[in-house]
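A.B. asks: coordinates only, sequence not included:
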Ligand code: OGA
Ligand code: CA
Ligand code: CA
Ligand code: FE2
């Protein structure tokens, strides 16, 4: 915003430039000529004015172009143009052939192409397996989201579900985390500091949405405005009864007061952020062929195969009737001090802030749900994104039990369909940029039947060097392992030979 303002100011100076430059002509000009050709002086100064205006105009245009170029780095559509030049989206496309962007300022041998969405409803044909053509439909541009019906066959869906059942699923969320009070004591924060931290808009009051956002993230308990009112009443904390907490009122609260209150009252599974069970299935060498075949997501996403292969295992999720997953981001925001879980082995530092860095989510629907269970994207293709306006007293767009029908986009789960979206924007140089706030999504409550899905997250560290170091580290490990295997094979051969000798 600040930069846009700067440009406008520059424009203002441009507009005022002509008047300030309509000064007398330079003194060095011979007086004679001045008196003889009065009109030519006029036209000369007029010419000067025009030239100055013209130059300032050109400079402004250049400045504007530079501004657009550097600031639209995070704009998916511009990035598409830059990094999928070789993509012919209308034709049947094969595996990606990544080309480093010509203007990258430092040597990089890996880059992330982004698929062009063109427009909502656009269908492009993609070739993912020999002898078959899939159709990929653009569902939204913000986030960049696609749907591919029949990505998995009936049989493949069945195998994945059975493998997950064989492995066993665990609760996706434990009921109540503990130790918050301890953590606060360790950090030694004063009530003022905690209050300031919670007061997102810094107006000296804690609005319901500021408390709700925090407690949902910290405790995993999905409080509603009504719950909050009940807690305020129970703890007699909102003394002036205005529905807000000021610092004085907040001081009377212990940091785990809400949790204690809820524990006493009891928390049901339906009041958690996520009410499902899940398991993880390894997809590498030796895994079931169907799981290895899921690597066709490499062709789908056109990302370097090394990235796909080094990502997390497949997460298979089962929602019972009444199950849900409130709206969330699969990946965290990018801060300088954030470390990605997947690259931590090769990271030099041990950062206390670890997050899963999931560049892309590929979601597979493994069965047909009798009723409900859509995947919702509450703010998809909104004109603006306003975090504060998502939670209103009457409608909370993040609540997938109550308000799924009010979100902007819902995808119906159809067996075998895959959807995928980018959780981050591009940085404009072929790598991961800012988190895409529009990628907010959730699983609507399953009103009848059960729902099976699988998440194939593709991890990329927003820090290019860290990702590169991690890949180098893994390939060195693999080399060492291969050498060891070769050595042991050789040894066992010698062993056999020795036996033969005997
Ligand atoms: C997830 C998720 C959506 C769905 O598992 O992270 O967002 O429809 N699932 O189940
Ligand atoms: Ca506030
Ligand atoms: Ca109050
Ligand atoms: Fe998700």
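C.D. replies: Thanks, I have it. Fair warning: this is a prediction, and the values are worked out from it, not measured in the lab. Ligands and ions are numbered 1, 2, ... in the order given.
A.B. asks: quick one: end-to-end distance for stretch 383-395.
C.D. replies: In stretch 383-395, first residue to last residue: 19 Å (CA to CA, to the nearest Å).
A.B. asks: look up the closest residue to residue 462, ignoring the ones flanking it.
C.D. replies: Ranked by CB to CB, 6 or more residues apart in numbering and with sequence neighbours excluded, the top spatial neighbour of residue 462 is residue 432, at 4.2 Å. (Glycine included, C-beta is placed from N, CA and C.)
A.B. asks: quick check: bridge partners of the one you found?
C.D. replies: Judged by DSSP bridges, the bridge partners of residue 432 are residue 426.
A.B. asks: neighbours of it, how many?
C.D. replies: Look at residue 432: counted by other CB atoms under 10 Å, it has 22 neighbours.
A.B. asks: that one contacts residue 460, doesn't it?
C.D. replies: Yes - counting by CB atoms under 8 Å, residue 432 touches residue 460, with 5.3 Å between them.
A.B. asks: what's the overlap in contacts for the two?
C.D. replies: Residues within reach of residue 432 and of residue 460 at once, by CB atoms under 8 Å, 6 or more residues apart in numbering, are 112, 357, 359, 424.
A.B. asks: the first one against residue 432, yeah?
C.D. replies: Right, residue 112. Yes - counting by CB under 8 Å, residue 112 touches residue 432, with 6.9 Å between them.
A.B. asks: roughly how far does residue 249 sit from residue 203?
C.D. replies: 15 Å (CB to CB, to the nearest Å).
A.B. asks: between those two, which is the more surrounded one?
C.D. replies: Ranked by neighbour count (other CB under 10 Å), residue 249 and residue 203 place residue 249 first, with 19 against 10.
A.B. asks: so the more buried one is in which element?
C.D. replies: Residue 249 belongs to helix 247-251 when assigned by DSSP states H and E.
A.B. asks: and the closest residue to residue 420 other than its chain neighbours, what does it touch?
C.D. replies: Closest residue in space to residue 420, ignoring its immediate chain neighbours: residue 362 at 4.2 Å, by CB to CB, 6+ apart. By CB under 8 Å, 6+ apart, the contact list for residue 362 reads 297, 300, 301, 418, 419, 420, 455, 456, 457, 458.
A.B. asks: pLDDT below threshold where in the stretch 51-200 of the chain?
C.D. replies: 53-54, 56, 61, 63-107, 175-186 (pLDDT under 70).
A.B. asks: in it, which spans are helices?
C.D. replies: With helices called from DSSP state H, counting those that start in this stretch, the stretch 51-200 of the chain shows them at 76-83, 154-167, 180-187, 191-198.
A.B. asks: before we move on, what about the stretch 351-500 of the chain?
C.D. replies: Under DSSP H, counting those that start in this stretch, the stretch 351-500 of the chain gives helices at 464-501.
A.B. asks: measure how buried residue 227 is and give me the count.
C.D. replies: Residues lying near residue 227 (other CB under 10 Å) number 19.
A.B. asks: doesn't it belong to a helix?
C.D. replies: Yes - checked against DSSP: H, G, I helix; E, B strand; the rest coil, residue 227 lies within a helix.
A.B. asks: and the residue of the stretch 301-450 of the chain nearest ligand 3?
C.D. replies: At 15.3 Å from ligand 3, residue 393 is the closest residue in the stretch 301-450 of the chain, using CB to the ion.
A.B. asks: okay then, goodbye and thanks.
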